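[1] pasted the sequence and its predicted model underneath.
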Amino acid sequence: ETGVTQSPTHLIKTRGQQVTLRCSSQSGHNTVSWYQQALGQGPQFIFQYYREEENGRGNFPPRFSGLQFPNYSSELNVNALELDDSALYLCASSLELTGELFFGEGSRLTVL
Amino acid sequence: AQSVTQLDSQVPVFEEAPVELRCNYSSSVSVYLFWYVQYPNQGLQLLLKYLSGSTLVKGINGFEAEFNKSQTSFHLRKPSVHISDTAEYFCAVILTSGTYKYIFGTGTRLKVLA
């Protein structure tokens, strides 16, 4: 059984640029959620997708957007990057809406 | 406003001693409650969860938690810790009111001392 995989693992961008982070869900999981984890903080919920539709969103501006594809993989897009966007971005998949979250190792984004 | 509060940012405890990590939540809608653990240089993994039923929930590695609705708490306990329990522990809730929203606490760093 393949776990949740994220790419890239590390990346560096400059302020104002755009970034796309990718996530492959665990096999059979139809729900994916994304989190931002700043150093020393807990994960902050960005949004969740269930069967290709967004069905929950945290307190993040519209420049944070996402997609879930028919194979349940997902993307997180962030436009107009700001310095404060520097963080670890975690993807998690689950078998059902209130089920156990299976996390990937994360993508560490540095914005200069 | 909905929130999750982990009252202790760090908890040092000697090996084989008991430990309690505290978690309180604030919500006006139904919640589901979770504890996740993050070992050094690893991703988060589920320790235990409360969805409904018995308020005492048992998880992996000897951990348990009790849901107390009147005190809006979900404290995590272990009667005897091991060095290998050293990790960051996160309490989390899912708010369910049509859409789903996850809220994680800021984490408690458990350091088990020899």
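    In hand now; what should we look at? Quick caveat: nothing in here was measured; it's all calculated off a predicted structure. Numbering: from 1, shown residues only, chains lettered A, B, ... in the order given.

[2] what's the end-to-end length of stretch A:86-103?
    Here the two ends of stretch A:86-103 are set 19 Å apart, with distance taken as CA to CA, to the nearest Å.

[3] cool, and stretch B:37-47?
    End to end - CA to CA - stretch B:37-47 spans 6 Å.

[4] list the contacts of that stretch.
    The contact list for stretch B:37-47, computed with CB atoms under 8 Å, 6 or more residues apart in numbering or on different chains, reads A:43, A:90, A:92, A:100-101, A:103-106, B:34-36, B:59-61, B:63, B:76, B:86-90, B:107. Using the backbone N, CA and C atoms, a C-beta is placed for each residue, glycine as well.

[5] residues near A:Ser73, how many?
    Residues within reach of A:Ser73, counting by other CB atoms under 10 Å in any protein chain shown, total 16.

[6] on that earlier part again, out of the contacts of stretch B:37-47, which are inside helices?
    Residues of the contacts of stretch B:37-47 located in helices (DSSP state H): none.

[7] for the residue nearest to the spatial centre of chain A, give me phi and psi.
    Residue closest to the mean C-alpha point of chain A, counted by CA atoms, centre = their mean, is A:Trp34 at 3.3 Å. Backbone geometry at A:Trp34, expressed as degrees, to the nearest 10, gives phi -120, psi 150.

[8] so what's the residue lying closest to it once chain neighbours are set aside scoring on pLDDT?
    Leaving out its chain neighbours, the residue that sits closest to A:Trp34 by CB to CB, 6 or more residues apart in numbering or on different chains is A:Ile46, at 4.3 Å. Predicted confidence (pLDDT) for A:Ile46: 96.

[9] residue numbers of chain B in contact with chain A?
    Residues of chain B lying close to chain A (CB under 8 Å from any CB of the partner chain) are B:4, B:6, B:32, B:34, B:36, B:42-46, B:49, B:51, B:90, B:92, B:94, B:96, B:99-107.
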